[in-house]
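Student: Got a predicted structure plus its sequence, pasted below:
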Amino acid sequence: MRLISINLLIIFCLGLFLQGCGTFGDSSDEANAENEYAGWNAEKFRSEAQKTVDSGNYEKAIKLYEALESRYPFGESSAQTQLDIAYAYYKNSEPESAIAAADRFIKMNPRNPHVDYAYYLKGLVNYNRDIGFIDRFLPTDTSQRDPGSAREAYRNFEELIRRYPGSRYLADARLRMIALKNNLAMHEVHVARYYMKRKAYIAAANRASGVIENYQRTPAVPYALQVMQDAYTELGMKDLANDTKRVYEQNYPDGPLVPEFKNVTFSHRLWDFIGFEK
């Protein structure tokens, strides 16, 4: 019993020692950071942060921008620093932090001449959310992903267009909205096909009909018509099946205008390479 008590005492003391070492390490890191930035003015912080952004070291850039903001919170470029932090978070694949930073900028600087960029950046964050490195370079059907982020990105770009009709980011935002709308439409087709596999023919017909009503002029329409025709046939609704077939043949006599997989993937990924961003 005495031996157990001694062992417990040793473990307790060791824990305190390790905790103290950890605390000392944190303090040491903070002290090193202070020494590293000693004598830096706002321009030095900004130039060094830009260098790290240019080199792709966004984690380091975030630290520099945050240090700049904490030391010079009321400088002439403080608003720009907030935008730079949001951008660095975006490039560092921290979407929640990027959107929070953009929202903070919008709230604190509603009349800033660059506030349109904050709205645009929110759209970019959601547009690229959940798209990994491989997805950018290899064919993947992004329309089969959860559409929540795509819908949010569409709303972000829509708000940008509504609030700032003269923004320089409008052309890019509109093109991204087209890609998003195409993907959302094809997602609905995938859901309708899923219902067909489960023999939920009424649900499949309704979902496909929603594509015709809500996503006109998208490449998903002919595929939705095909689902509708199959669903009506399974339900024994011959008249509706024939009507749908006639509409399909009149509008798509040679089949869909664009191959399904190529169109959805290409339209979504194209603007990641030529978009404005900043």
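Tutor: Okay, I see it.

Student: How many residues are close by Met228?
Tutor: Here the number of neighbours of Met228 (other Cβ atoms under 10 Å) works out to 26. C-betas here are computed from N, CA, C, even on glycine.

Student: what does the one 5 residues further on give?
Tutor: When counting by other Cβ under 10 Å, one arrives at 16 neighbours for Thr233.

Student: Could you do Gly255 as well?
Tutor: By other Cβ under 10 Å, neighbour count at Gly255 equals 10.

Student: Quick check, pLDDT for it.
Tutor: Note for Gly255: predicted pLDDT of 86.

Student: before we move on, what about the one 3 residues further on?
Tutor: According to the per-residue confidence, Val258 scores 72 in pLDDT.

Student: What residues does it make contact with?
Tutor: Counting by Cβ atoms under 8 Å, 6 or more residues apart in numbering, Val258 touches Pro219.

Student: Name the SS class of it, please.
Tutor: coil (DSSP: H, G, I helix; E, B strand; the rest coil).

Student: Check the gap between Phe45 and Lys91 for me.
Tutor: In this view, Phe45 and Lys91 are 18 Å apart by Cβ to Cβ, to the nearest Å.

Student: Of those two, give the one with the bigger neighbour count.
Tutor: Comparing Phe45 with Lys91 by other Cβ under 10 Å, the one with more neighbours is Phe45, at 21 against 17.

Student: Asp254: which element?
Tutor: Secondary structure from DSSP states H and E places Asp254 outside every helix and strand.

Student: for Ile202, that is, sorry about that
Tutor: For Ile202, the host element (DSSP H and E) is helix 201-214.

Student: which other helices and strands contact that helix?
Tutor: Under the contact criterion of 3 or more Cβ pairs under 8 Å, 6 or more residues apart in numbering; DSSP states H and E, helix 201-214 touches helix 170-197, helix 221-234.

Student: Can I get the next helix or strand after the shortest one in CSV, CA atoms only?
Tutor: The one in question is helix 221-234. Counting by DSSP H and E, the next helix or strand C-terminal to helix 221-234 is helix 238-251. Output of helix 238-251 as CSV, limited to C-alpha atoms (Å, rounded to 0.1, in the frame of the first residue of the first chain):
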residue,chain,number,x,y,z
LYS,A,238,-48.7,6.4,-70.9
ASP,A,239,-50.0,9.8,-72.0
LEU,A,240,-47.5,11.7,-69.8
ALA,A,241,-44.7,9.3,-70.8
ASN,A,242,-45.5,9.9,-74.5
ASP,A,243,-45.7,13.7,-74.0
THR,A,244,-42.4,13.7,-72.3
LYS,A,245,-40.8,11.6,-75.0
ARG,A,246,-42.2,14.0,-77.7
VAL,A,247,-40.7,17.0,-75.8
TYR,A,248,-37.3,15.2,-75.6
GLU,A,249,-37.2,14.3,-79.3
GLN,A,250,-38.2,17.7,-80.4
ASN,A,251,-35.6,19.5,-78.4
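
Student: Not counting helix 238-251 itself, show me its contacts.
Tutor: Val221, Pro222, Leu225, Gln226, Met228, Gln229, Tyr232, Thr233.

Student: again, only using 10 Å
Tutor: 205, 208-209, 212, 221-222, 224-235, 237, 255-257 (Cβ atoms under 10 Å, 6 or more residues apart in numbering).

Student: Sweet, I'm off.
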